[in-house]
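[1] Fold the stuff below for me.
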Amino acid sequence: MIKTAIMVDGAFYRKRAYHFWGDKTPAERAQELDQYCKRHIKEEKAGAELYRVFYYDCPPATKKLYHPLLNQTVDLSKTPQYQWTHEFFKELKHLRKFALRLGTLAEEQAHYNLSPSATRKLLNGSITTKDLTEKDFLLNIKQKGVDMRIGVDIASVTFKKQVDRIILISGDSDFVPASKQSRREGIDFILDPMRSNIKDDLFEHIDGMRTKVPPNKQT
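    This next block holds a predicted model:
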């Protein structure tokens, strides 16, 4: 049996899951993630055993932030997104063999940006500033400590010989140093980018790439 750890870049997964399967309740999204990870185990022809699913994300923002369109301060802790994320994490904590690894948000740098699509429409003249709505503004807030936690856990399970394989669900290249070290120690390192485009040079730092997103889904 191939003992396997699955590591999930949470922000990446939620974005791709929304793209493929649309909006869902916290409970539905948690069950979807659970089943998605288990497909990696169940469909392994050589036989696989799940060691643990490590889920990396950040708690939702609680800052009060000025919104340029509404011309007022928004309390992020009162938003639907805050409630959804809080409930989603609660659901994950009840799943068997799931471990949450939470970083922090750089709330002091948080701000609203005009979405790329709205920006294009403004520049080509198809809309004016009077046509903008709340949906045209995106909250820009960076995560801190998530990539570090992924790297630490990759190193930990590698050097403790706790697994034979690591499956990383991510589209980021920040994992490369940890991946290289893991492979040198004999770990089979698999990347699941959920059909997102990755850089060609990443292939030399992984042992394979697979995804459980059905092939008929658009990228």
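[2] Could you look up the next helix or strand downstream of the lengthiest helix in the chain?
    Ranked by residue count under DSSP state H, the longest helix found in the chain is helix 26-42. Counting by DSSP states H and E, the next helix or strand C-terminal to helix 26-42 is strand 48-57.
[3] Now that next one: buried residues?
    For strand 48-57, burial by neighbour count (16 or more other C-beta atoms under 10 Å) applies to 48, 50, 51, 52, 53, 54, 55, 56, 57. No exception for glycine: its C-beta is placed from N, CA and C like everyone else's.
[4] and the angle from it to helix 26-42?
    Angle, strand 48-57 to helix 26-42, by axes from the mean of the first three to the mean of the last three C-alpha atoms, to 10 degrees: 140 degrees.
[5] what packs against the helix or strand just after strand 48-57?
    As assigned by DSSP H and E, the chain's next helix or strand after strand 48-57 is strand 64-67. Where contact means 3 or more C-beta pairs under 8 Å, 6 or more residues apart in numbering; DSSP states H and E, strand 64-67 is packed against strand 72-75, strand 111-114.
[6] For residue 18, pull up the helix or strand it's in.
    helix 10-21.
[7] rewinding a little: so of the helices and strands packed on strand 64-67, which one's packed in deepest?
    strand 111-114 (a mean of 15; mean count of other C-beta atoms under 10 Å).
[8] Next secondary structure element downstream of it?
    helix 116-123.
[9] State the mean pLDDT of the helix or strand following that following helix.
    Sequence-wise, the next helix or strand downstream of helix 116-123 (DSSP H and E) is strand 137-140. In this model, strand 137-140 has an average pLDDT of 92.
[10] and what of stretch 76-85?
    95.
[11] that older thread, let me have the helices and strands packed on strand 64-67 in CSV, extended by distance to residue 166.
    Listed next are the helices and strands packed on strand 64-67 as CSV, based on distance: least, C-beta to C-beta, whole Å:
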stretch, distance to residue 166
strand 72-75, 39
strand 111-114, 34
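[12] ok, now how distant is residue 93 from residue 57?
    As judged by C-beta to C-beta, to the nearest Å, residue 93 and residue 57 stand 12 Å apart.
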